[in-house]
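**Q** This is the structure alone, sequence omitted:
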């Protein structure tokens, strides 16, 4: 029998060394190396035999390579989850044999999402739910709370990944859930569950089972306090799809994005709200985020420091309210605080406003917030954020029915954006009557119910949005 050897493995990047180190020499993480005992060849035999056995069961084993022109991809029929937004993020549904990683913070609703998807899938086929974090009775309690009651949902409480492998290989289900990959362990690996070796080998075994049985498999993954997926970085490369489940435990909003997708786009977004009955898809996200703002459309005045931006998330147009506050500070270094927007991009906008629009912001604290807890990265929001900051600085209001779309360049020019017509249609549908847009996007087809104002520079945008509206307010007051 070969002698067992000791090795130290970084829990962040998977780097291995024969001795203990305070700091990983590969990724630079401190205190991340954990000792693991690697078995000799005899100790690995069971794992190798199981993989070899799985390969012999592969229906494609022994087939020769085919020219790509002769491969028929139309025969692959996707499995719809029953949640329209989730299907859009996946590119049309689950692909049989694909392995997905669903990552998110603790308590964000990952298990709730899986149970609701299982209930919808169970109306058509069997679903295998393997849990390593709960007992079967605990899963049943959650299922009752979510009104899930179907004999097609098969539940197994199992932490041994070899047994989970056998369950998948012998199941008749078309979809399998494993909750979570950090809770299962391989008995032939001496390290604790959740370690780099356990996560890597366990994932590989489950991928092997999914590919051989052609079962769509979703693995739940934990995230670290830095927001990255726990486990080795290679984990994200092993799976076909990586879904990021985002949200705040203090808010109802939940977002699902694809950060990797071999079968579709990574620019789509699914939006849900969480309540006591589980996750509910938000069919009209713009109205969800702008509920208070829409009620003010048609009025003569809105609070200073606010504006509406029209952004895009994949094929979805999304209108959001941005709020800004500028206030004098006695501190020599003014603060810049931003929620939901890129901090460096805000600094760039403030510099442009000071240089090109002559707004002295360098002595003021500036606070910017995207209402609703949404994380927004579309450059088309630049113009709206600039308007919000400027109106707060000048203590003026803009028309509540005005929406702003455009990227602001360093020279103060308003640069063109993609899918402008689609954004304007969404604004018109919600009752907005005016839109500031880049002149570079002209010509545009007319959008019913909305007046298009094309601007070339940030100065033109401010001249239209602020002085004109201010004069109208003065006339009304007189």
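**A** All right, it came through fine. Predicted model, so just to flag it, every value in this text is computed and none were measured. Numbering: from 1, shown residues only.
**Q** Can you name the residues in contact with stretch 159-178?
**A** 50, 54, 57, 79, 94, 96, 114, 118, 121, 125-130, 132, 154, 156, 158, 183-187, 193, 201-202, 205-206, 208-210, 212-213, 215-220 (C-beta atoms under 8 Å, 6 or more residues apart in numbering). To be clear about C-beta, it is placed using only N, CA and C from the backbone, and glycine gets the same treatment.
**Q** domain assignment for the chain?
**A** Listed by automatic domain parsing, the domain ranges of the chain are 5-38, 79-283, 289-473.
**Q** between those, which one is nearest to residue 65?
**A** The closest of those to residue 65 is domain 79-283. By C-beta to C-beta, the value is 17.0 Å.
**Q** start to end distance for the closest one?
**A** By C-alpha to C-alpha, to the nearest Å, the extent of domain 79-283 from end to end equals 21 Å.
**Q** Could I get the average pLDDT for it?
**A** Throughout domain 79-283, pLDDT has a mean value of 91.
**Q** same question, stretch 407-416
**A** The predicted model assigns stretch 407-416 a mean pLDDT of 97.
**Q** got the domains of the chain as CSV, with mean neighbour count columns?
**A** Output for the domains of the chain, formatted as CSV (neighbours: other C-beta atoms under 10 Å):
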stretch, mean neighbour count
domain 5-38, 15
domain 79-283, 19
domain 289-473, 18
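**Q** okay, those in JSON lines with distance to residue 69 next?
**A** Shown next, in JSON lines, are the domains of the chain (distance: least, C-beta to C-beta, whole Å):
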{"stretch": "domain 5-38", "distance to residue 69": "38"}
{"stretch": "domain 79-283", "distance to residue 69": "20"}
{"stretch": "domain 289-473", "distance to residue 69": "30"}
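**Q** quick one: which of the ones you listed is nearest residue 68?
**A** domain 79-283 (15.8 Å).
**Q** how far out from the middle of the chain is the closest one?
**A** Mean-position distance between domain 79-283 and its chain equals 15 Å (C-alpha atoms, centre = their mean, to the nearest Å).
**Q** Make 27 the first number, not 1, from now on.
**A** Got it, the first residue is 27 from now on, which makes the last one we talked about domain 105-309.
**Q** element containing residue 488?
**A** helix 484-489 (DSSP states H and E).
**Q** Give the bridge partners for residue 296, please.
**A** residue 282 (DSSP bridges).
**Q** circling back: mean confidence (pLDDT) on the helix holding residue 488, please.
**A** 94.
**Q** What strands line up against the longest strand belonging to the chain, and which way round?
**A** Longest strand of the chain, by residue count under DSSP state E: strand 342-354. In the sheet, strand 342-354 lines up against strand 332-339 (antiparallel), strand 390-396 (antiparallel) (DSSP bridges).
**Q** So which of these is nearest residue 464?
**A** Nearest to residue 464, of these and by C-beta to C-beta, is strand 332-339 at 12.0 Å.
**Q** how far does the closest one sit from the chain's center?
**A** Using C-alpha atoms, centre = their mean, the offset of strand 332-339 from its chain centre is 18 Å.
**Q** Stretch 408-418 now?
**A** Worked out by C-alpha atoms, centre = their mean, stretch 408-418 lies 26 Å from the chain centre.
**Q** quick one: contacts of it?
**A** Contacts of stretch 408-418 (C-beta under 8 Å, 6+ apart): 330-336, 348-352, 367, 371-372, 375-376, 378-379, 383, 385, 387, 392, 394, 423-424, 429-434, 440, 462, 484, 487-488, 491-492.
**Q** Quick check: mean pLDDT of it?
**A** 97.
**Q** isn't residue 442 right next to residue 468, touching?
**A** No. Between residue 442 and residue 468 no contact is recorded; they are 9.2 Å apart, counting by C-beta atoms under 8 Å.
**Q** quick revisit: may I see the strands paired with strand 342-354 organised as a markdown table, with distance to residue 48 added?
**A** Formatted as a markdown table, these follow (distance: least, C-beta to C-beta, whole Å):
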| stretch | distance to residue 48 |
| --- | --- |
| strand 332-339 | 43 |
| strand 390-396 | 40 |
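**Q** any chance of those in TSV, plus distance to residue 126 and mean pLDDT?
**A** Shown next, in TSV, are the strands paired with strand 342-354 (distance: least, C-beta to C-beta, whole Å; pLDDT from 0 to 100):
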stretch	distance to residue 126	mean pLDDT
strand 332-339	20	91
strand 390-396	28	97
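**Q** among those strands, which is nearest residue 446?
**A** It is, among these and with distance given as C-beta to C-beta, strand 332-339, at 8.5 Å.
**Q** from the middle of its chain, how far away would stretch 416-434 be?
**A** 29 Å.
**Q** ends of it, how far apart?
**A** Start and end residues of stretch 416-434 are separated by 14 Å (C-alpha to C-alpha).
**Q** what do you get for stretch 333-348?
**A** Counting by C-alpha to C-alpha: the opening and closing residues of stretch 333-348 are 5 Å apart.
**Q** Kind regards, and thank you for your time.
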